[in-house]
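*Asks:* no sequence for this one, just the structure:
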Ligand SMILES: Cc1cc2nc3c(=O)[nH]c(=O)nc-3n(C[C@H](O)[C@H](O)[C@H](O)COP(=O)(O)OP(=O)(O)OC[C@H]3O[C@@H](n4cnc5c(N)ncnc54)[C@H](O)[C@@H]3O)c2cc1C
């Protein structure tokens with residue numbers, strides 16, 4: 001088989017890259033190893049993010065739950081309730097969402113195959129990818145470019161000898177909706193139930209998506225049990241769930257492009273520190289990679305990404321390193337979000353996906369004020 005671009009992986013990043021490429025007539029094949037995969041994921045995406053990716057009207061055609069309020073639970077202080085302004089969070093079932101994104105790519109002309117990438121061979125200006133279909137047959141696909149959208153365990157990255165992505169561990173479950181549950185996303189902080197992470201409750205249409213995270217896998221079972229007990233008391237029995245751990249990338253700077261291969265989404269760890277939001281950023285990275293191919297200039301990819309997101313990722317990483325693992329500091333930082341002005345900044349950056357130079361600086365200023373307070377207290 002022959003094409004201009006082979007996309008490996010049919011999650012949000014891969015399906016988005018394929019959609020934008022096929023839309024402008026670029027011959028694209030996408031391979032996904034399991035078209036029935038339902039990724040364990042909270043499925044939360046801000047509505048503004050979908051608008052930014054030209055999906056505002058399209059997503060109305062699939063089932064989704066709309067959330068207009070969040071509750072943040074600091075480790076020690078009372079919960080902080082925030083009405084979302086200028087946008088909503090949509091909660092998707094990931095099987096439905098990913099299938100829908102692939103369907104859009106297919107409508108634009110992408111050829112989609114259920115096959116798992118096994119190897120890559122570089123020949124002059126072509127890449128020969130070998131993939132194994134479900135039924136066992138092997139196929140060779142020759143392309144000018146490969147887009148690696150194959151997630152946190154990226155096979156493409158390991159075939160190219162790139163260092164492994166570092167990650168946190170998560171565990172998530174779907175529990176039946178509890179009748180008096182508000183349609184609200186909950187973020188719970190505290191080391192008794194989440195380690196260098198938070199625990200969450202997101203209301204999907206038919207279930208509650210509940211989970212927690214940790215930097216080490218062996219802590220997860222105890223942490224999720226603690227969280228279920230803390231949040232639901234005796235209403236949920238942890239023993240009734242089969243727990244499985246999943247990785248979520250820990251962002252750090254990585255290679256965007258090498259040997260005619262673009263890396264996107266979780267395969268390049270584009271998960272925002274602190275919020276651990278990955279779907280929107282995976283799709284944006286894919287859009288930028290597709291743009292670079294359209295412009296016949298691979299360097300455009302990294303340039304677009306850096307201009308749009310680098311500062312925000314760097315700052316959130318600093319927050320993460322400073323706050324997580326220390327409940328007292330985390331409590332202090334979360335408490336600054338009681339201030340409506342800080343809420344507004346967070347809302348602009350996180351919910352409305354506004355472009356950030358000035359906003360990021362203002363948010364950083366609030367953070368610096370907090371650090372000075374902490375340092376002053378320590379010196380007293
Ligand atoms: C428990 C949990 C909760 C989360 N909650 C949220 C949330 O609420 N909101 C949010 O924004 N983000 C969330 N995330 C992060 C989000 O799931 C990811 O950042 C996002 O899915 C990244 O998209 P992607 O397309 O890069 O990778 P993925 O969605 O992981 O897709 C990669 C695809 O590649 C395929 N693949 C892998 N290897 C091969 C191969 N060799 N050949 C062919 N195909 C291959 C896989 O089957 C998969 O379909 C969560 C993550 C976890 C683990």
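*Replies:* Noted; the coordinates are in hand. It should be emphasised that the depicted structure is a prediction, and the values quoted were computed from it without experimental measurement.

*Asks:* How is the chain divided into domains?
*Replies:* For the chain, the structural domains run 2-43+93-165+252-297, 168-248, 318-379, going by automatic domain parsing.

*Asks:* of all the residues in the stretch 151-300 of the chain, which ones are close to the ligand?
*Replies:* 151, 155, 170, 172, 211, 246, 248, 265-267, 271, 277-280, 282 (CB under 6 Å from any ligand atom). Using the backbone N, CA and C atoms, a C-beta is placed for each residue, glycine as well.

*Asks:* Sort out which one of those residues lies nearest residue 197 for me.
*Replies:* Distance to residue 197 across these (CB to CB) is lowest for residue 170, with 7.3 Å.

*Asks:* residues near the closest one, how many?
*Replies:* With neighbours defined by other CB atoms under 10 Å, the count for residue 170 comes to 25.

*Asks:* Could you verify my assumption that it touches residue 209?
*Replies:* No: under the criterion of CB atoms under 8 Å, residue 170 lies out of contact with residue 209, with a separation of 11.3 Å.

*Asks:* Sort out which of the residues of the stretch 151-300 of the chain next to the ligand are in strands and list them.
*Replies:* Where those overlap with strands, as defined by DSSP state E, the overlap consists of 170, 172, 211, 246, 248.

*Asks:* Reformat these as TSV; add pLDDT.
*Replies:* Below are these laid out as TSV (pLDDT from 0 to 100):
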residue	pLDDT
170	98
172	94
211	96
246	96
248	98
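
*Asks:* sorry, back to before: can you name the two of the residues of the stretch 151-300 of the chain next to the ligand that are farthest apart?
*Replies:* By the measure CB to CB, those have their two most distant members at 155 and 211, which lie 25.5 Å apart.

*Asks:* Which one's more surrounded, those two?
*Replies:* A count of neighbours by other CB under 10 Å puts residue 211 above the other of residue 155 and residue 211, at 24 against 19.

*Asks:* Bridged to that one, which residues?
*Replies:* For residue 211, the beta-bridge partners under DSSP bridges are residue 172, residue 200.

*Asks:* so who does the residue lying closest to residue 282 once chain neighbours are set aside touch?
*Replies:* Among residues not flanking residue 282 along the chain, residue 265 sits closest, at 3.2 Å (CB to CB, 6 or more residues apart in numbering). Residue 265 makes contact with 9, 11-14, 149, 151, 278, 281-283, 285-286 under the criterion CB atoms under 8 Å, 6 or more residues apart in numbering.

*Asks:* so which of the domains of the chain is the most packed in?
*Replies:* Burial of the domains of the chain is given as mean neighbour count (mean count of other CB atoms under 10 Å); domain 2-43+93-165+252-297 ranks first at a mean of 20.

*Asks:* List the residue ranges of the stretch 101-250 of the chain that fall below the pLDDT cut-off.
*Replies:* 179-181 (pLDDT under 70).
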